[in-house]
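Q: Predicted coordinates and the sequence they were generated for:
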Amino acid sequence: MHTIKLNTLILLGLTTIYSCNNATKPNPSQIENQSVTDTSDLSKMIMLADTTFEGHQVSLWTPDSLTNKFESLYLKFEDGKGNPVSDLAVDYEITMDMGMMAHGGPYSPLVNKGKGIYQADVVFIMANMKDMGKGWLFKTLLIGKDKSDTLTFALPVQQTTIPRTIATGTTTDDRVFVSCLIPNEVESGKHNIEFALHKMDKETFTNLDGYTIAVEPFMPAMKHGSSENEDAESKGNGRYSGLVNFTMPGDWFIRVKLLKNGKTVSQDSLVYPIKIK
């Protein structure tokens, strides 16, 4: 069995046994409950791979090249005439194949975006490593009218140059992955800032709620920060939302601390660089 990196995938049976599972694995009821009516525009995205399943076209898309951070991917299903398909039972999981061992990663339930498109939010906690296994695999579980298959997409996850997911020890939940979801470049002014928190427990990952994420924008060249920032508060499912204020263009940092009951519990320095235009 081999994996070709781009525009192809391998087909595996649903009875395949993986070396680990993810605690945040979605189920069909979660997918239905999160269905929305808007449609994602794939015309400006990159198609990573495509294949066929029971005469349907299945493709995987991403807004940009993949790096080791929080990423959104999109599955698209069409019939032979290019019409959206929405009658397939769909599930997925991600696995990091390192050759001698494998592990999962944080991921959220599929969100139905309408017109045969499903959004998958995942966190790649590391980049692929040369000559070490197949790297990150996106396993799409499909149940059709006549057969079931696991479609395994090999993902080209590269090392990021701008940190957006940082691991830290904590005094409350041991090792935690803190993903900052703000873009690498934004305009000056006030911006909503979101985070995703996940706890690593051996080979599984769970969403973490109940923290406060203190945010402090700082501009090193001018040696000042800014006012009117709001710490990120828990919104459920491991997601947090706050506000940051960048008062002028230039290179900034966002300093982050994890708080519980008003006390700092993160044990490492969490710093996210950002370019302000």
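A: Received, thanks.
Q: what separates the residue nearest the centre of the chain from Thr95, distance-wise?
A: Geometric centre of the chain, nearest residue: Val122, 2.4 Å, by C-alpha atoms, centre = their mean. Val122 is 11 Å from Thr95, where distance means C-beta to C-beta, to the nearest Å. Placement of C-beta: from N, CA and C, glycine included.
Q: Now for those two: what residues contact both?
A: Gly105 (C-beta atoms under 8 Å, 6 or more residues apart in numbering).
Q: So which residues make contact with the helix or strand where the residue nearest to the centre of the chain lies?
A: Using DSSP states H and E, Val122 sits in strand 117-123. Contacts with strand 117-123, where a contact means C-beta under 8 Å, 6+ apart, come from 31, 39-40, 42, 69-77, 84, 90, 92, 94, 105-108, 110-113, 138, 165, 177, 179, 196, 198, 205.
Q: which among the residues you listed end up buried?
A: 31, 40, 42, 69-77, 90, 92, 94, 105-108, 110-113, 138, 165, 177, 179, 196, 198, 205 (16 or more other C-beta atoms under 10 Å).
Q: for the stretch 51-200 of the chain, what spans make up the strands?
A: Using DSSP state E, counting those that start in this stretch, the strands of the stretch 51-200 of the chain run over 56-62, 70-78, 89-97, 102-103, 111-114, 117-123, 135-143, 148-154, 165-170, 174-180, 185-186, 189-201.
Q: phi, psi of Phe124?
A: The phi/psi pair for Phe124 (degrees, to the nearest 10) reads phi -90, psi 110.
Q: Now do it: how many residues are near it, please.
A: Phe124 sits with 25 neighbouring residues when counted by other C-beta atoms under 10 Å.
Q: pLDDT score assigned to the closest residue to Arg255 other than its chain neighbours?
A: Leaving aside its sequence neighbours, Arg255 sits nearest to Glu216 (C-beta to C-beta, 6 or more residues apart in numbering; 4.2 Å). If you check Glu216, the pLDDT there is 98.
Q: in the helix or strand where Glu216 lies, what's buried?
A: Assigned by DSSP H and E, Glu216 falls within strand 212-219. Buried residues in strand 212-219, counted by 16+ other C-beta under 10 Å: 212-215, 217, 219.
Q: after it comes which helix or strand?
A: Next along from strand 212-219, by DSSP H and E: strand 224-225.
Q: What strands line up against that following strand, and which way round?
A: Note on strand 224-225: by DSSP bridges, its sheet partners are strand 212-219 (antiparallel).
Q: could you give the angle of the partner strand to strand 189-201?
A: 130 degrees (axes from the mean of the first three to the mean of the last three C-alpha atoms, to 10 degrees).
Q: contact partners of strand 212-219?
A: In contact with strand 212-219 (C-beta under 8 Å, 6+ apart) are residues 178, 193, 195, 197, 224-226, 229-234, 240, 242, 244-246, 248, 250-260, 262, 264.
Q: Filter the residues you listed down to the buried ones, PyMOL style.
A: Remark: buried members of the contacts of strand 212-219, expressed as a PyMOL selection using 16+ other C-beta under 10 Å:
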select buried, resi 178+193+195+197+226+229+231+232+234+240+242+244+245+246+252+254+256+257+258
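Q: residue ranges with poor pLDDT in the stretch 151-277 of the chain?
A: Judged against pLDDT under 70, the stretch 151-277 of the chain has no low-scoring part.
Q: so where is the stretch 1-150 of the chain shaky, pLDDT-wise?
A: For the stretch 1-150 of the chain, the ranges with pLDDT under 70 are 1-39.
Q: No further questions, thank you.
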